[in-house]
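> Need coordinates for the below:
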Amino acid sequence: MPTYRPRVVDRELEDRMQYAGAVLMEGPKACGKTATAERVATTTFRLDTDDGARALVDAAPEALLGAAPPVLFDEWQVAPKLWNLVRREVDDLGGAPGTFVLTGSATPVDDAQRHTGAGRYSMLRMRPMSLFETGVSTGQVSLSKLFDGDFTPSLDPGVTVPALVDCIVSGGWPSLIDAPLRVAQQWVRDYLRTIVEVDMPQMGVRRDPETLRRLLASVARGTGTDMSAQAIATDIAGADRSIQRDTVAGYLDVLNRLMITEDVPAWSPHMRSTTQLRKTPTRFMTDPSLSVAALGVGPEQLLLDLNATGFHFEGLAVRDLRVYAQPLGGRLSHWRDNNQHKVDIIITLDDGRWGALEVKMNPSAVDTAAASLLRFQDKVDTAKTGAPAFLGVLTTRSAALRRGDGVYVLPIASLGP
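All right, here's what the predicted structure looks like:
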């Protein structure tokens, strides 16, 4: 078996098992949920491959629920009745913590017969590996410490732009950590093919695979934008076909339930000006490798068009920041007003602290990005929202430092939890 690489979510899982009767770990297929959950489980049932276990869900669920705890039900959504069975068992055991772990790579359609699970389940999201988890980032700049005002400058980590482009192409999939780049590219293409030909049809999508491939390519072209369902429908249709907006909206919902896409909602703070804010979320694929694979491009094409590659670099940053922010109770959002002044990423913690980041692949754009952040700060009514814990520009080749104007310059290959 390959050596397990520690994940940021490891501590979260351990903590939640100290108080929750059942922990639900959700994330896209192949992001490492099973390997992580098995580290805390005594008994494992793989519902997607174990015919006997699936049969017992109906015939004798007590044989599954009574196994030596903690019990892991891997890909639980294959047997949806497990949700209520586990919930009831947690009740019968008086809420005994750490009894069950459920992992899932798809969110079932809402079912009136399925209890919400409130008070029984703790929900935990898992994503592909960050640069820190794969060993690319040094982690010398801690997101947690940035919120605490604890920052130590550090040298350029030495990760080149071509190396970061390779990270975008291969993604954060545990299976690909040591794989050659061309093998990784084929793996991601096969992953998307499975989404189109197997997973989406299993979720009720009835459409030819070519249309669904065009859908994924359109979503990839819109990475980091607020591209609407209507715009995607127009993009897919072209001159030789038609597709309805509502149909596309249904497809986007399925991609979200498969955890292939994840929106970044708009941030709505108290503002000093009356300029109207835009409230449309921006959309990213859960890993930047999916976007470039959907577009059929590789490192050579990405290096020839770094302006376009900047959107995929932003997707890389969003993936990593979600991983680092989650243990802090952090949520990502974006900000944009009707004058087209925007901030790429706002991270807000449960205690109200917040920080703002611009993402710039080209370090020469740092000055412009820093000025934009300072203008943005002036527009926020900090008397009501509070002053930002930090303003920063996330970039590539640079030392990690704090500028004279207070804005941090943060190389993505130095960032960690």
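
> Quick check: closest non-adjacent residue to A399.
For A399, ignoring the flanking residues on the chain, the nearest one in space by Cβ to Cβ, 6 or more residues apart in numbering is D156 at 5.1 Å. (Glycine included, C-beta is placed from N, CA and C.)

> mind listing what the one you found touches?
397-399, 411 (Cβ atoms under 8 Å, 6 or more residues apart in numbering).

> Buried subset of the residues you listed, written for ChimeraX?
The command below creates a ChimeraX selection of those among the contacts of D156 that count as buried (16 or more other Cβ atoms under 10 Å):
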select :397,398,411
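
> out of the contacts of D156, who's nearest D263?
Within the contacts of D156, proximity to D263 (Cβ to Cβ) peaks at P411, which comes in at 26.6 Å.

> show me where the stretch 201-350 of the chain has strands.
Secondary structure of the stretch 201-350 of the chain (DSSP state E, counting those that start in this stretch): strands located at 261-264, 282-285, 331-336, 342-348.

> D74 contacts F45, doesn't it?
Yes - shown here, D74 and F45 form a contact pair, counting by Cβ atoms under 8 Å, at 6.7 Å.

> hmm, back to that, pLDDT score for the residue nearest to A399?
Taken from the predicted model, the pLDDT recorded for D156 is 97.

> what does the one 5 residues further on give?
You'll see V161 listed with a pLDDT of 98.

> repeat for R272
R272 carries a pLDDT value of 84.

> Over to Q377?
96.

> Contact partners for the closest residue in space to K81 that isn't next to it in sequence?
Closest residue in space to K81, ignoring its immediate chain neighbours: V57 at 5.5 Å, by Cβ to Cβ, 6+ apart. Contact partners of V57, counting by Cβ under 8 Å, 6+ apart, are 47, 64, 79, 81-82, 85.

> Which single one of these is nearest to D148?
Using Cβ to Cβ, L82 comes nearest to D148 of those, at 40.7 Å.

> For that closest one, the count of nearby residues, please.
Neighbouring residues of L82 were enumerated by other Cβ atoms under 10 Å; the total is 23.

> I'd like to check which residues are in contact with the nearest residue to it once chain neighbours are set aside.
Nearest non-adjacent residue to L82, counting by Cβ to Cβ, 6+ apart: W76, 5.0 Å away. With contacts defined as Cβ under 8 Å, 6+ apart, the neighbours of W76 are 24, 47, 82-83, 102-104.

> rerun at 6 Å
82, 102, 104 (Cβ atoms under 6 Å, 6 or more residues apart in numbering).

> Could you check the pLDDT of it?
W76 carries a pLDDT score of 96 in this model.

> and it, how far is that from A371?
Using Cβ to Cβ, to the nearest Å, one gets 49 Å for the distance from W76 to A371.

> a strand runs through E358, doesn't it?
Yes - assignment of E358 by DSSP: H, G, I helix; E, B strand; the rest coil places it within a strand.

> What strand or helix carries the closest residue to it other than its chain neighbours?
Excluding its sequence neighbours, the residue lying closest to E358 (Cβ to Cβ, 6+ apart) is A369, at 3.9 Å. With the criterion set as DSSP states H and E, the secondary-structure element containing A369 is helix 366-379.

> looking just at contacts, which helices and strands does that helix meet?
strand 354-359, strand 390-395 (3 or more Cβ pairs under 6 Å, 6 or more residues apart in numbering; DSSP states H and E).

> pLDDT averaged over the last one - what is it?
Put plainly, it is strand 390-395. If you average the per-residue pLDDT over strand 390-395, you get 98.

> Give me the distance from that strand to the chain's centre.
20 Å (Cα atoms, centre = their mean, to the nearest Å).

> What angle do strand 354-359 and it make with each other?
Put simply, strand 390-395 runs at 20 degrees to strand 354-359, going by axes from the mean of the first three to the mean of the last three Cα atoms, to 10 degrees.

> Need the residues that contact strand 390-395.
Strand 390-395 is contacted from outside by 146, 317, 355-360, 363, 366, 369-370, 373, 407-410, 412, using Cβ under 6 Å, 6+ apart.

> what do you get for the first one?
Contacting residues not belonging to strand 354-359 are listed as 314, 317, 343-348, 369, 373, 388-394 [Cβ under 6 Å, 6+ apart].

> and it, which strands flank it?
When pairs are called by DSSP bridges, strand 354-359 turns out to pair with strand 342-348 (antiparallel), strand 390-395 (parallel).

> what packs against the next helix-or-strand element following the last one?
Toward the C-terminal end, the helix or strand that comes next after strand 390-395 (DSSP H and E) is strand 401-402. Under the contact criterion of 3+ Cβ pairs under 6 Å, 6+ apart, the helices and strands touching strand 401-402 comprise an empty set.

> Residues in contact with strand 401-402: which ones?
Contact partners of strand 401-402, identified using Cβ under 6 Å, 6+ apart, comprise 153, 408-409.

> and that strand, how far out from the chain's middle?
Its chain's C-alpha centre and that of strand 401-402 lie 27 Å apart, by Cα atoms, centre = their mean.

> Stretch 255-264 too?
Between the mean C-alpha location of stretch 255-264 and the chain-wide mean there is a distance of 8 Å, by Cα atoms, centre = their mean.

> Determine how far the last residue of it lies from the first.
15 Å (Cα to Cα, to the nearest Å).

> Would you mark the buried spots in stretch 331-351?
331-337, 343-349.

> Can you give me the end-to-end span of that stretch?
Taking Cα to Cα as the criterion, the two ends of stretch 331-351 lie 11 Å apart.

> Ok, stretch 327-341 next?
For stretch 327-341, the first-to-last residue distance is 30 Å (Cα to Cα).
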